[in-house]
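Undergrad: need the 3D shape of this:
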Amino acid sequence: MLNVQKEIIQEDKNVKRYLIKFDKQEIDNAENQIVRELNQRYTFHGFRKGKVPKKVMKIKFGEDFTEMVREILIEKVENEYKDEKVLFGPYIESFALDNDYAEIEVLVHEHPEVISTNFEELKVEVPTEKEVVEKFVEDRIKELLEENPILEEKNDPAEIGDLVKVKYTVLNEEGKELFKDKESEYVLYEEDQRPMVTDLIGKKKGDYVEINREFEDKKYLYQITVEGVFKRIVPELTDEIAKTLDAEVNSVLELKDKLSKEGADSYKAWKDDYVKNYILANLHKHVEIDVSEETIDDFVEKTLERVKQNGKYDEEVEKHDGEENYINELKEQAIKSIKEMTIINKIAEENNLKVEEKELSESIHAFANMYRIPHDKAREIIYSNAEILGNLMWDILSKKVAEHISKNIEIIEIENFEEKQNEENKEEN
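TA: Numbering: from 1, shown residues only. You can find the predicted model right below:
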C-alpha cells in the first residue's frame, strides 16, 4: 500500500476521482532511486563511477530528470490499483510536482453497485437425455456403417458416392519426380470439391488423368492412373456386421448398449457446458446495477477507437443504418458487458471462487491441442501475452461462477428440443 495522502475529490456512482499527494520523503525516495539507476548506467567526467551526487544529476538531466520522477510516482499509483478489482482505469488526469510535494489526480471506474439479482427466475431448457442418446446411437451407427461399406468393383465410370483407387506421380516445374507411384483412394462425396476428387468423376479403371496444382507459388503436376472404381454398398446392421464395426461386441444389442453409454457420457458433458453458456449469455437479464453514464461512455469510446483503428467504422455505421443506431447498440453492449463483469466478480469474491493452477494448466493444454502446438510452446505464448492470459483466466472464472449459479436454478428437460429452438429463432428473426 502507498504511504500517501489520498482523498476523493469527485464521485458519481461508481466513478471516483482521487487526489493522491506525495510528500517530500516520497519524492526524495523517487529521486534517489533515479540517481542510483543513472549512476549504474552512466559514467560522468570528473566523477568516480557511481558517485555522482543528486544535485549534479538534476542539472545534467534537467527536465528529463523531472520526467523520470513523474514516471516513478505514476507507476506507484498504477500499482496501487493493480490488485484492486476496478472496472476501468486508473487514468491519470493531472500531475503536479514541486520540490516538497507532488499531486496526482486519478480517475477510476469501480464496479458499480449491484441493486438486485433474480437468478431464481432463470430457467434453462435442455433436450431429454433419452432423445439425445437415441440420436447419438443412430448417428454413430450410420457413421460406422458409412466408414465400413461393402466394396463392389465396377467397370462403369465413377459416380458420386463411389470409391476410387489411384496410383499417382508428382512432378515439380522442372519435371523432377517428387513422388512416384504413390497409392491412395478417394470417396467421391458431392461436397468435396478438391480437384483430386472432382476430376475422378466419370473416370474408369485404367484411365489416366493429369492435374495441375499450385502451392505457395510453386506449380506441380499430378499424373494419376485409376487403379479401380468401386461401388460403396452400406451394409444392413446385423450381429455379424456389428462384430466387424467393434471388436469388443458380439451383437447389435451389445453395440447399441456400448454406444448408449458413450452417448450418456457425451450428453452429460454437453449439458453441463450448455447450461453454463446459457447462464453466462443471459446473466445481464437478471442483474440490475447502478452505473454511471461516464462508465458507459468510456466503454463506447474505447470500442469506437478499436473499430476505427481496424478500419471498420464506416462498415459498422452502414450495417446499423446510421451512426446514432450504432452508438445506441454500443451502449446496450456496454451495459450488458458491465453487468456481466460486475456480477461475475461479485459472486466470485463472495464465494471464494478462484482460478486454480490446475484449471489454468488444463486450459493451456486445450489451447495447445486446438492450435496443434506443443504444450510448452502454448504456455510460453500465453504467459508472454497478458491479454491472452487474462482472457483465459476470465473464461475459467466465468464458468465457475456459472456452475455456482446453476445449482440454484431450474433446468428443464423437454422433448423436441431442436424443433422448439428453431421455431424460437424464426420468431426472433
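
Undergrad: for H320, grab phi and psi.
TA: The phi/psi pair for H320 (degrees, to the nearest 10) reads phi -100, psi 10.

Undergrad: and it, how far is that from Q333?
TA: Distance, H320 to Q333, using C-beta to C-beta, to the nearest Å: 12 Å. Every residue, glycine included, has its C-beta placed from N, CA and C.

Undergrad: swap in L304?
TA: Computed as C-beta to C-beta, the L304 to Q333 distance reads 12 Å.

Undergrad: elements contacting the helix or strand hosting E143?
TA: If you go by DSSP states H and E, E143 is part of helix 129-147. Counting contacts by 3 or more C-beta pairs under 8 Å, 6 or more residues apart in numbering; DSSP states H and E, helix 129-147 packs against helix 239-245, helix 252-282.

Undergrad: where along this protein do the helices fall?
TA: 24-41, 54-61, 63-82, 129-147, 195-198, 239-245, 252-282, 293-309, 313-319, 323-350, 357-371, 375-383, 386-406, 417-428 (DSSP state H).

Undergrad: among those, which is nearest K154?
TA: Proximity to K154 (C-beta to C-beta) singles out helix 195-198 among the helices of the chain, at 17.6 Å.

Undergrad: pLDDT on that closest one, on average?
TA: Helix 195-198 shows a mean pLDDT of 90.

Undergrad: so which bits of it are buried?
TA: For helix 195-198, the neighbour count (16 or more other C-beta atoms under 10 Å) marks 196-197 as buried.

Undergrad: how about K258, nearest residue that isn't a chain neighbour?
TA: Of all residues not flanking K258 in the chain, V249 sits nearest, at 6.0 Å (C-beta to C-beta, 6 or more residues apart in numbering).

Undergrad: which ones are touching the one you found?
TA: Residues near V249 by C-beta atoms under 8 Å, 6 or more residues apart in numbering: 242-243, 255, 258.

Undergrad: for K400, same thing?
TA: 348, 353, 355 are the contacts of K400 under C-beta under 8 Å, 6+ apart.

Undergrad: where does the chain dip in pLDDT?
TA: Counting by pLDDT under 70, the chain has low-confidence residues at 1-3, 83, 427-429.

Undergrad: select the longest strand from this structure.
TA: strand 218-233 (DSSP state E).

Undergrad: surely S251 is in contact with T238?
TA: No. Using C-beta atoms under 8 Å, S251 is not in contact with T238; the gap is 9.1 Å.

Undergrad: could you list the domains of the chain?
TA: Domain assignment for the chain, taken from automatic domain parsing, gives 5-110, 150-233, 252-428.

Undergrad: from the contact counts, what lies against the longest strand of the chain?
TA: Counting by 3+ C-beta pairs under 8 Å, 6+ apart, strand 218-233 packs on strand 150-154, strand 163-172, strand 177-187, strand 208-215.

Undergrad: any idea which of those strands is most buried?
TA: Most buried of the helices and strands packed on strand 218-233, by mean neighbour count (mean count of other C-beta atoms under 10 Å): strand 163-172, with a mean of 17.

Undergrad: distance check, G46 against P53.
TA: 12 Å.

Undergrad: give me the more crowded residue out of those two.
TA: The neighbour comparison of G46 against P53 (other C-beta atoms under 10 Å) goes to P53, with 10 against 6.

Undergrad: and for that one, nearest residue in space, chain neighbours not counted?
TA: Nearest to P53 is V35, by C-beta to C-beta, 6+ apart, at 7.8 Å.

Undergrad: and the one you found, how many residues sit next to it?
TA: 20.

Undergrad: do the same with Y42
TA: Neighbours of Y42 under the rule other C-beta under 10 Å: 14.

Undergrad: what's it in contact with, if anything?
TA: Going by C-beta under 8 Å, 6+ apart, Y42 touches V52.

Undergrad: G161 reaches R232, doesn't it?
TA: Yes. With contact defined as C-beta under 8 Å, G161 counts as touching R232 (6.0 Å).

Undergrad: give me the common contacts of the two.
TA: V187.

Undergrad: what distance do you get for the most far-flung residue of the chain relative to its centre to H111?
TA: No residue in the chain sits farther from the centre than G46, which is 57.8 Å out by C-alpha atoms, centre = their mean. Computed as C-beta to C-beta, the G46 to H111 distance reads 56 Å.

Undergrad: circling back to that earlier point, look up phi and psi at the residue farthest from the centre of the chain.
TA: Here is the backbone geometry of G46 (degrees, to the nearest 10): phi 90, psi 0.
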